[in-house]
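**Q** Got a sequence here, can you model it:
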Amino acid sequence: MAGSSVGSPSGAGPNGGAVPSGAASGGAASGGGARSGGFGPGGAAAGYRPGATLPFGAEFRRQASRRRTQLALGFMVLLPLIILVAFQFESGDDDGGGRGEFASLADLATSGGLNFTLFSILVSASFLLVVVVALFCGDTVASEASWGSLRYLLAVPVPRARLLTVKLLVALAYSGLALLLLAGTALLAGTLRYGWSPLTSQVAAELTPAEGLVRLLAVLGYLAVVLLVVAGLAFLLSVVTDAALGAVGGAVLLWILSSILDQITALGVLRDFLPTHYSSAWLGLLSTPMQTDDVVRGAISAVSYATLFWGLAFWRFTRKDVTS
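**A** Residues are numbered from 1 along each chain as shown. Next comes the predicted model:
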């Protein structure tokens with residue numbers, strides 16, 4: 001890419017950051033006295049600690065001030081309330097209108113707070129949560145590049161691996177927070193409106209509220225693991241492109257493509273290797289007894305894909321010229 005070489009590997013410091021102007025020549029001219037003066041081992045400034053740059057808390061607060069973070073988290077709180085209001089307008093005279101299985105799930109949603117939470121998760125898991133996770137993880141690096149501020153972060157200097165690690169952890173923290181806000185708001189609103197009742201579903205016997213809550217927490221945990229694939233893919237695309245929209249949209253489109261391919265039975269055993277093949281395995285956590293075989297396979301698949309994508313992201317970013 002054309003442009004300044006600030007933050008590029010050729011101009012990087014000992015920890016991946018840029019070497020301050022004149023640092024190399026100043027160190028050479030000073031000889032052995034440089035270390036006792038303004039420079040430390042390796043030519044770094046005296047007192048420079050790579051692990052103290054870009055703290056997690058600072059990046060977390062920085063991302064919290066962004067409008068997309070506020071809107072995404074706000075919508076996670078708003079969605080269960082919208083569903084709750086929508087149920088209040090249900091006329092009850094459209095039975096047999098062709099809604100089928102979804103209608104029965106909607107009827108179960110109004111039987112208790114736990115069931116309302118389960119319904120909110122069900123309608124959000126296949127697309128909305130994918131978009132939110134892709135937004136947090138795909139926008140984190142690409143947006144810095146599009147604003148032209150990425151090279152200045154590296155010139156602080158923040159080591160490249162640390163910059164990516166902190167940004168990834170913050171993105172994952174906000175993704176997990178979004179999932180908890182959705183479930184927590186749904187549980188609170190549903191319990192206040194429909195009461196604290198046993199959890200019922202079409203694949204299990206009635207579960208006591210305490211056991212139902214544990215099952216819901218297990219469902220949330222598995223969804224969080226599955227969504228690591230989206231997080232890894234969006235983060236990788238965020239590193240290889242300067243367009244945040246391309247990173248977010250690319251991750252969502254590839255997830256949808258995998259879901260479509262998973263419906264093609266002609267692919268046979270190849271479907272088992274698709275990242276979305278076990279995305280609905282969390283339904284087994286609601287059955288009686290629990291079916292965990294696909295849950296284990298899905299967790300292994302998700303962690304493997306996420307690790308691969310994150311590894312490629314780190315490998316690419318530590319070797320690219322950052323000119324924006």
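**Q** At which residues are the helices of the stretch 201-324 of the chain located?
**A** Here the stretch 201-324 of the chain has its helices, by DSSP state H, counting those that start in this stretch, at 209-240, 244-262, 293-317.
**Q** could those helices be laid out in TSV, adding distance to Ala134?
**A** In short, each C-beta sits where N, CA and C put it, glycine included. Formatted as TSV, the helices of the stretch 201-324 of the chain follow (distance: least, Cβ to Cβ, whole Å):
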stretch	distance to Ala134
helix 209-240	4
helix 244-262	4
helix 293-317	12
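**Q** highest average neighbour count across the ones you listed?
**A** helix 209-240 (a mean of 22; mean count of other Cβ atoms under 10 Å).
**Q** tell me what that one is packed against?
**A** helix 113-125, helix 128-138, helix 142-147, helix 160-194, strand 199-201, helix 244-262, helix 293-317 (3 or more Cβ pairs under 8 Å, 6 or more residues apart in numbering; DSSP states H and E).
**Q** what angle sits between it and helix 244-262?
**A** Counting by axes from the mean of the first three to the mean of the last three Cα atoms, to 10 degrees, helix 209-240 lies at 120 degrees to helix 244-262.
**Q** quick one: helix 209-240 to chain centroid distance?
**A** Centroid separation for helix 209-240 versus its chain: 8 Å, with Cα atoms, centre = their mean, to the nearest Å.
**Q** Name the SS class of Val158, please.
**A** Using DSSP: H, G, I helix; E, B strand; the rest coil, the structure places Val158 in coil.
**Q** Nearest residue to the middle of this protein?
**A** Central residue of the chain (Cα atoms, centre = their mean): Val133, 3.7 Å from the mean position.
**Q** how close does it get to Leu177?
**A** Val133 sits 11 Å away from Leu177, taking Cβ to Cβ, to the nearest Å as the criterion.
**Q** next one: Ser238
**A** Ser238 sits 19 Å away from Leu177, going by Cβ to Cβ.
**Q** ok, now Leu220?
**A** Computed as Cβ to Cβ, the Leu220 to Leu177 distance reads 12 Å.
**Q** Need the residues touching each of those two.
**A** Common neighbours of Leu220 and Leu177, counting by Cβ atoms under 8 Å, 6 or more residues apart in numbering, are absent.
**Q** which stretches of the stretch 101-250 of the chain aren't confidently modelled?
**A** Residues of the stretch 101-250 of the chain meeting the criterion pLDDT under 70: 101-104, 148-149, 151-152, 155-156, 202-204.
**Q** one step back: quick check, the residue nearest to the centre of the chain in contact with Ala234.
**A** Yes - with contact defined as Cβ atoms under 8 Å, Val133 counts as touching Ala234 (7.0 Å).
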